[in-house]
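Student: Sequence first, then the predicted structure:
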Amino acid sequence: MRDDTVATTWRPDELLGGPFESTPVGGGTLVRSATAPPRPRAVVLHLHGYNDYFFQDHFARALEAQGVALLGVDLPGAGRSLRADQIPHFVTDLREHGPALTAAVHAARAAAHGVPLVLHAHSTGGLLAALWAHAHRGRGDVDALALDSPFLDLHASWLQRTLGTWVLDAVGPWSPTAVLSTTPSVYATHQLATNGGRWDFDVRYKRPEGQPVRAGWLRAVRRGQARVARGLAIDVPVLVARSDRSGPDVATNPDLDVQDTVLDVAQIARLAPRLGDRVDTLTVPGGVHDLLLSREEPRLRYLTGLTGWIDDVVTGSKP
C-alpha cells in the first residue's frame with residue numbers, strides 16, 4: 001500500500017529499518033511498510049499506549065498475510081514524535097491528542113482508497129481511541145474500532161479510585177507535572193529481548209524503568225475514564241479484547257508471561273458494553289497486557305480473532 005499523495009516526505013524508518021518508512025503527520029509520525037498489499041481489503045491504523053510507541057513489525061507481517069495493510073502512529077510526545085522540549089506522553093486533557101489522531105486517521109483513510117479503515121488501539125491508546133470515536137461519531141472517519149486491553153479504569157482499590165481521584169482533581173490543576181509514581185515496569189522489562197524476552201524495542205521510548213506518572217496526566221485519564229463509565233455512543237462496531245486473567249506486576253509473579261499485569265481484566269469486561277451499541281468481546285487465555293506481545297499461542301489466537309472479526313463485521317469477506 002503506497003500512496004505518496006498522502007505525504008511526500010516518506011523516509012526509511014530509523015527505528016524499524018527496511019521495509020518500513022515514516023513521515024510526520026499532524027505533529028505525530030505515521031509509519032508504513034513498503035511490503036503492504038498494493039490493494040488491501042482493509043487498512044488498520046495502530047495506536048500505541050503509555051510508555052509505548054509503534055514497533056510491532058510482526059503485526060504488520062501478520063496482517064499483510066491476510067491481505068490487510070497496517071499503519072502505525074506515534075502521537076506527539078511519544079516514540080518518533082518525541083521532542084527534546086516535551087515530557088513523554090504528557091497531556092492534561094486527553095483531547096489534546098485529538099488533532100494528531102484525526103490527522104493520522106485522515107491520512108490512513110486517504111491511503112485506504114475506499115477500503116474499510118479499522119482503528120486498532122492499545123491500553124491508554126484504547127481509552128483515547130474510544131473517546132475520540134465517540135466525539136467523532138457520524139463523521140465516517142473510521143469503519144470500526146478494535147481495542148487491545150483498553151485502559152477503561154484504574155487498576156486499584158475502590159478507595160484509591162475514589163479518594164485518589166478527588167485528590168487528583170485538587171492537585172492536578174495546580175501542579176500538573178508533579179510525579180506521583182516512578183514504579184519500574186516489570187512487564188516491559190520482562191518483554192525485552194536483552195532480558196530474555198521475545199521483543200526488541202527502543203528503551204528510550206518503551207522504558208523498562210517505566211514512565212513517571214504525573215498528576216496532570218493521571219487526572220486527564222481519570223476524567224476520560226469517568227466519561228466511559230457514564231456511557232459512550234460509538235456508532236461503529238467495536239471489538240474489546242483482553243486476557244483471561246490479571247496478576248501483580250512484580251518480578252516474583254510466576255505468571256508474568258500469561259497474565260495482564262497492568263490492568264484489571266474484570267474491569268475491562270464490565271465496562272466494554274458502555275462503549276456503544278455494537279460491542280463484541282474477545283478473551284485471550286494466556287495473553288499479556290499487550291496481546292500482540294503474548295507468547296505465540298495466545299498471540300495467534302488474538303490475531304486470528306481480530307482478523308476474523310474484521311472479516312465478519314467490517315469487510316464481509318475473507319482472503
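Tutor: Right, received. Where do you want to start? Numbering: from 1, shown residues only.
Student: doesn't V221 make contact with L168?
Tutor: No - assessed by Cβ atoms under 8 Å, L168 is found out of contact with V221, at 9.2 Å. The way it works is simple: take the backbone N, C-alpha and C, and place the C-beta from them, glycine included.
Student: wait, what's in contact with S181?
Tutor: Neighbouring residues of S181 by Cβ atoms under 8 Å, 6 or more residues apart in numbering: 212-213.
Student: give me phi/psi at it?
Tutor: Per-residue torsions, S181: phi -150, psi 140 (degrees, to the nearest 10).
Student: Okay, and the beta partners of it?
Tutor: Beta-bridge partners recorded for S181 (DSSP bridges): V213.
Student: Could you tell me how far it is located from V262?
Tutor: Remark: distance between S181 and V262 (Cβ to Cβ, to the nearest Å) = 13 Å.
Student: Kindly report the same for I234.
Tutor: 23 Å.
Student: same question, W10
Tutor: Using Cβ to Cβ, we find W10 at a distance of 33 Å from V262.
Student: Same question for A170.
Tutor: Counting by Cβ to Cβ, the gap from A170 to V262 is 26 Å.
Student: And W10 and V262? Which one has more around it.
Tutor: V262 (23 against 17; other Cβ atoms under 10 Å).
Student: and the gap between the spatially most central residue of the chain and H46?
Tutor: Among the residues of the chain, the one closest to the centroid is H122, at 2.4 Å (Cα atoms, centre = their mean). Distance from H122 to H46, counting by Cβ to Cβ: 8 Å.
Student: so what sits against both of these two?
Tutor: Counting by Cβ under 8 Å, 6+ apart, H122 and H46 have no common neighbour.
Student: Can you classify A156 as helix, strand or coil?
Tutor: Put simply, A156 is coil when judged by DSSP: H, G, I helix; E, B strand; the rest coil.
Student: How many neighbouring residues does it have?
Tutor: The tally of other residues near A156 (other Cβ under 10 Å) stands at 13.
Student: what about it, distance to A129?
Tutor: Computed as Cβ to Cβ, the A156 to A129 distance reads 23 Å.
Student: Show me the shaky parts of the stretch 201-319 of the chain.
Tutor: For the stretch 201-319 of the chain, applying pLDDT under 70 flags the ranges 317-319.
Student: let's see 80
Tutor: Applying pLDDT under 80 to the stretch 201-319 of the chain picks out residues 315-319.
Student: quick one on the thing from earlier: hang on, the residue nearest to the centre of the chain packs against A130?
Tutor: No - counting by Cβ under 8 Å, H122 does not reach A130; the two are 12.0 Å apart.
Student: Which neighbours do these two have in common?
Tutor: 147, 150.
Student: Give the buried residues for stretch 182-202.
Tutor: Judged by neighbour count using 16 or more other Cβ atoms under 10 Å, the buried positions of stretch 182-202 are 185-192, 197, 199, 201.
Student: ok, now stretch 105-118?
Tutor: So stretch 105-118, judged by 16+ other Cβ under 10 Å, has buried residues 105, 107-109, 111-112, 115-118.
Student: Repeat that for stretch 28-47.
Tutor: For stretch 28-47, the neighbour count (16+ other Cβ under 10 Å) marks 28-33, 36-37, 40-47 as buried.
Student: For it, output the C-alpha coordinates as PDB.
Tutor: Extracted in PDB, the C-alpha atoms of stretch 28-47 (Å, rounded to 0.1, in the frame of the first residue of the first chain):
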ATOM      1  CA  GLY A  28       2.800  12.900  15.200                       C
ATOM      2  CA  THR A  29       4.600  10.300  13.000                       C
ATOM      3  CA  LEU A  30       3.000   7.800  10.600                       C
ATOM      4  CA  VAL A  31       4.700   4.500   9.900                       C
ATOM      5  CA  ARG A  32       4.000   2.200   6.900                       C
ATOM      6  CA  SER A  33       5.500  -0.900   5.400                       C
ATOM      7  CA  ALA A  34       6.600  -0.900   1.800                       C
ATOM      8  CA  THR A  35       5.600  -4.600   1.600                       C
ATOM      9  CA  ALA A  36       2.000  -4.000   2.400                       C
ATOM     10  CA  PRO A  37      -0.500  -5.200  -0.200                       C
ATOM     11  CA  PRO A  38      -0.900  -2.700  -3.000                       C
ATOM     12  CA  ARG A  39      -4.700  -3.300  -3.000                       C
ATOM     13  CA  PRO A  40      -5.500  -4.300   0.600                       C
ATOM     14  CA  ARG A  41      -9.000  -5.400   1.500                       C
ATOM     15  CA  ALA A  42      -8.800  -3.300   4.700                       C
ATOM     16  CA  VAL A  43      -6.400  -0.900   6.400                       C
ATOM     17  CA  VAL A  44      -5.600  -1.000  10.100                       C
ATOM     18  CA  LEU A  45      -4.200   2.100  11.900                       C
ATOM     19  CA  HIS A  46      -2.400   1.100  15.200                       C
ATOM     20  CA  LEU A  47      -2.300   3.500  18.200                       C
END
